[in-house]
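> Dropping the sequence and predicted coords here.
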Amino acid sequence: TLEDIMEEIIGEIKDEFDDEESVNKKIDDHNYIFEGKFMINDACKAMGLPVDTFDGVRGDSDSVAGLVLEIAGEFPQVNTSLVSGDFSFIPLEINKNRIDKVKIIIQPKELQTA
């Protein structure tokens, strides 16, 4: 279909015919999995963080995948741990040149060393 062709060129297009799916998963209080296209502000809310938590590193990105690219400075490999502040970002699934799934780990303060 025309939509399939457009999605091959520009990426996933959400419309009224697409099924809503769970785009985030809380593993525990410190570990979360998000689809790359999930909005950063929504991810912050899901993790119980202020929406401006990643403003210092997000650049112009709006999605979790874009945030990972900003932190990495290049396209990361699957299962590469990228650390920014109190957070680790691990791309779990990459399809072609798109980060599809990211694990975010919030480092507990008691585990951090000075």
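Structure's in. What do you need?

> Can you pull out the residues in contact with stretch 53-65?
Stretch 53-65 is touched from outside by 34-40, 43-44, 66-67, 69-71, 84-85, 98-100, 102, 104, with contacts defined as C-beta atoms under 8 Å, 6 or more residues apart in numbering. C-beta coordinates here come from the backbone N, C-alpha and C atoms, glycine included.

> now the end-to-end length of stretch 59-76.
Between the opening and closing residues of stretch 59-76 lies a distance of 17 Å (C-alpha to C-alpha, to the nearest Å).

> buried sites along that stretch?
Within stretch 59-76, the residues that qualify as buried are 61, 63-72, 76, counting by 16 or more other C-beta atoms under 10 Å.

> Tell me how far it lies from the chain's centre.
Here stretch 59-76 shows a centroid-to-chain-centroid distance of 8 Å under the convention C-alpha atoms, centre = their mean, to the nearest Å.

> Give the buried residues for the helix or strand encompassing Lys45.
Lys45 is part of helix 40-46, with elements assigned from DSSP states H and E. In terms of neighbour count (16+ other C-beta under 10 Å), helix 40-46 has its buried residues at 40-44, 46.

> List the beta-bridge partners for Ser63.
With beta bridges defined as DSSP bridges, Ser63 has these partners: Met39.

> Need the per-residue pLDDT for it.
Per-residue confidence at Ser63 stands at 95 (pLDDT).

> How about Val57?
For Val57, the predicted pLDDT is 92.
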